[in-house]
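In: just the structure for this:
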Amino acid sequence: MIKEWGLLGTLRHFACLVFGIALMAASVALAKIALLGTSPISSIPNVLSGLTRLSIGQWTIFYMFLLVSLEWLVLRRYFGWSNVIQLIPSIFFGTMIDWFVQLFKFIKPTGYWLQLGLTLISIVLLAIGVFFEVNSQTLMMAGEGIAAAIAFRRDRPFAKTKVRVDMAMVLGAVLISLIFSHQLIGVREGTILSALLSGRIVGYIEERFPQLTAWLRGSDPELSSEK
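Out: This next block holds a predicted model:
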């Protein structure tokens with residue numbers, strides 16, 4: 001794939017990946033500040049950051065290492081360097097989350113509707129970030145990697161598997177919260193809204209902006225829209 005892109009094309013694709021991950025990190029930081037729950041992939045790190053002194057970004061990095069380890073258990077002999085290098089964008093993602101949390105420290109939502117508005121903005125940012133990440137066609141992060149591994153081994157559609165993996169992550173976050181704090185922290189309506197809306201927004205962007213999708217993928221806009 002990289003050979004087909006050429007040098008400038010490769011730089012463009014990886015720039016889109018970095019931009020997408022940065023938007024996703026900003027999304028998590030805003031959701032963290034809003035206190036109404038983060039996206040499913042960040043729900044466990046968010047809960048753990050509320051229970052310990054480690055930041056959500058630090059827990060995200062540890063969590064991504066865990067997910068890659070789970071990929072090894074799932075894939076076994078099919079596990080390779082393509083799985084290991086998922087840690088590169090994942091570490092960048094966790095680092096950027098903490099950077100954006102510090103950057104957005106001045107934001108102080110004083111009421112529920114401000115919190116909800118901030119959460120909705122974070123969901124839109126997440127969707128745009130996912131759009132750029134996926135269509136960059138470069139590296140996959142561990143959150144998507146574990147879903148892809150399970151889908152491959154069980155011969156099931158990735159989309160359906162990803163939904164189930166997200167549900168399992170949210171359930172895990174709820175259990176960790178209840179077991180260690182005896183109350184529900186870090187998982188709220190924002191988590192549910194993110195799960196329900198982010199995928200739909202990504203689909204809307206791809207449908208409304210086929211030229212942008214084709215440019216990111218390096219394909220013909222007309223062929224992309226036909227698909």
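In: what mean pLDDT does the longest helix anywhere in the chain get?
Out: Longest helix in the chain, counting residues (DSSP state H): helix 2-34. Taken as a whole, helix 2-34 carries a mean pLDDT of 88.
In: what's the host helix or strand of residue 171 packed up against?
Out: Element membership of residue 171 [criterion: DSSP states H and E] is helix 158-181. Helices and strands touching helix 158-181, as assessed by 3 or more C-beta pairs under 8 Å, 6 or more residues apart in numbering; DSSP states H and E, comprise helix 40-51, helix 142-154, helix 189-208. (Each C-beta comes from the backbone N, C-alpha and C, glycine too.)
In: check the offset of the longest helix of the chain from the chain's centre.
Out: Chain-centre distance of helix 2-34: 11 Å, with C-alpha atoms, centre = their mean, to the nearest Å.
In: so which bits of it are buried?
Out: 5, 10, 12-14, 16-18, 20-34 (16 or more other C-beta atoms under 10 Å).
In: quick one on the thing from earlier: kindly calculate the angle that the helix holding residue 171 makes with helix 142-154.
Out: Interaxial angle of helix 158-181 relative to helix 142-154 (axes from the mean of the first three to the mean of the last three C-alpha atoms, to 10 degrees): 120 degrees.
In: got the angle for helix 158-181 vs helix 40-51?
Out: Using the same axes, to 10 degrees: helix 158-181 against helix 40-51 is 10 degrees.
In: okay then, goodbye and thanks.
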